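Undergrad: The following block contains a protein sequence and its predicted model.
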Amino acid sequence: MSFIFRRLFASTPPVTMEAAQKKAQQLIDDNAVIVFSKSYCPYCNNTKRILDGLDAKYKSYELNQEADGSDIQSALAKMTGQRTVPNIFIGQVHIGGNSDFETVVNNGKDGKKIEQLLKEAGAL
Ligand SMILES: N[C@@H](CCC(=O)N[C@@H](CS)C(=O)NCC(=O)O)C(=O)O
């Protein structure tokens, strides 16, 4: 019973779109690489496995485990046009999802290899 009351009255108030966008941008600005993720998502796990394999430092923000996760997901959809996870940024540049990231890993981006992009971002 007390569990139900706690769920009803101790829930986090909804975050405004403006506040969610501000927080998402802060997370992007504060991290060389950030993966907006869901802990059960196989595409997210693949991205993180590749980053681990590259020895890259990154932050993963698990939207399904954060009180403001769905607000941040909506903010990201507005900011990037992408609602799916993973939603990846390297050096504050939007990369996209796991398949976009794999393309960058295999082919580089703007003539730069993934290692160089990670180094320039401060993740290596
Ligand atoms: N092609 C995408 C697939 C990503 C995808 O389908 N992710 C699922 C989770 S596994 C998703 O975001 N579903 C909607 C949601 O969780 O809100 C990629 O490579 O990142």
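TA: That came through, no problem.
Undergrad: State the phi and psi torsions of the residue in the chain positioned nearest to the ligand.
TA: Nearest residue of the chain to the ligand: residue 97, at 2.5 Å (Cβ to the nearest ligand atom). To be clear about C-beta, it is placed using only N, CA and C from the backbone, and glycine gets the same treatment. Backbone torsions for residue 97, taken as degrees, to the nearest 10, come to phi -100, psi -170.
Undergrad: just the helices in the protein please.
TA: Here the chain has its helices, by DSSP state H, at 2-9, 17-30, 42-53, 69-80, 98-107, 114-121.
Undergrad: Any idea which helix or strand in this protein has the lowest mean pLDDT?
TA: Here the helix or strand of the chain ranked lowest by mean pLDDT, DSSP states H and E is helix 2-9, holding a mean of 51.
Undergrad: Enumerate the residues of this protein near the ligand.
TA: 38, 41-43, 84-86, 97-99 (Cβ under 6 Å from any ligand atom).
Undergrad: outside of stretch 86-97, which residues touch it?
TA: Identification of contacts with stretch 86-97 by Cβ atoms under 8 Å, 6 or more residues apart in numbering yields 28-29, 31-37, 41, 43-44, 47-48, 76, 80, 82, 84-85, 98, 100-101, 104, 109, 117-118, 120-123.
Undergrad: Ok, stretch 19-37 next?
TA: For stretch 19-37, contacts defined as Cβ under 8 Å, 6+ apart pick out 15, 44, 47-48, 51, 56-63, 68, 71-76, 78-79, 85-92, 118, 121-123.
Undergrad: Quick one, which of the residues you listed are buried?
TA: Neighbour-count burial (16 or more other Cβ atoms under 10 Å) applied to the contacts of stretch 19-37 gives 15, 44, 47-48, 51, 56, 58-63, 68, 71-76, 85-91, 118, 121, 123.
Undergrad: With adjacent residues omitted, what lies nearest to residue 123?
TA: residue 32 (3.9 Å; Cβ to Cβ, 6 or more residues apart in numbering).
Undergrad: what separates the spatially most central residue of the chain from residue 69, distance-wise?
TA: Nearest to the mean C-alpha position of the chain, by Cα atoms, centre = their mean, lies residue 36 at 1.7 Å. Counting by Cβ to Cβ, to the nearest Å, the gap from residue 36 to residue 69 is 9 Å.
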